[in-house]
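K.L.:
Next one to model:
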Amino acid sequence: MQAMQFLVEIIFDSFLMVVLLRFWLQAAKADFYNPISQFVVKATSFAVNPLRKIIPGLGGFDIASLVLAYLVAVAKLSAVFLLFYGGWAAAPVFVTALITVIKEGLNLLFWVLIIRALLSWVSQGYNPIEAVFHQLTEPMLRPIRKVIPPLGGLDLSILVLIIALQFLQFLLIDLIG
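P.N.:
All right, here's what the predicted structure looks like:
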């Protein structure tokens, strides 16, 4: 039964991360002609476009994508509770869904930072994946570099942000649990 629960959760979590990535790409004003961006747009348009007709953007942010992310989290929790725990309660699902969206957003940021760090070690020349990850993370890394400049050609800003991100995740767990 755990294998089946894992499969259900990973399917929902993967789509949730793609939806959150769509929001992040638009918020960062990343290049939408990039292959990664094109994949994200095509993978989420079937659900985001109808929501956009109902929910307008706000201050340049795509609120429809955030609402979709929340709905995906609600669907995930509802499916898990109904399939594997034999019941469903609205209050825990709706509150836990918000926590799930935040948790997956932090996980997405973590993995983008890890992939960006790994690509910086091996890429040679222009890489479209590295370019979009640079556009996504540079606004967060720039302020860190002002405080901790590169030391001997070694940029520690990604490491500092990953540590801060892990601290934030543990803090969230302490506050919730």
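
K.L.:
Mind giving me the packing neighbours of the stretch of helix or strand Leu113 belongs to?
P.N.:
Using DSSP states H and E, Leu113 falls within helix 90-122. Secondary-structure packing of helix 90-122 (3 or more C-beta pairs under 8 Å, 6 or more residues apart in numbering; DSSP states H and E): helix 2-27, helix 63-84, helix 128-147, helix 157-176. Backbone N, C-alpha and C define where each C-beta goes, glycine included.

K.L.:
Next, the buried residues of it.
P.N.:
Within helix 90-122, the residues that count as buried by 16 or more other C-beta atoms under 10 Å are 93, 96-97, 100-109, 112-113, 116.

K.L.:
and that helix, what's its mean pLDDT?
P.N.:
The average pLDDT for helix 90-122 rounds to 90.

K.L.:
Identify, from the buried residues of helix 90-122, the entry nearest to Val18.
P.N.:
Nearest to Val18 out of the buried residues of helix 90-122 is Leu108 (C-beta to C-beta; 9.2 Å).

K.L.:
quick one, what contacts that closest one?
P.N.:
Applying C-beta atoms under 8 Å, 6 or more residues apart in numbering, we find Leu108 in contact with Met17, Leu20, Leu21, Trp24.

K.L.:
any idea how far Pro56 is from it?
P.N.:
Counting by C-beta to C-beta, to the nearest Å, the gap from Leu108 to Pro56 is 25 Å.
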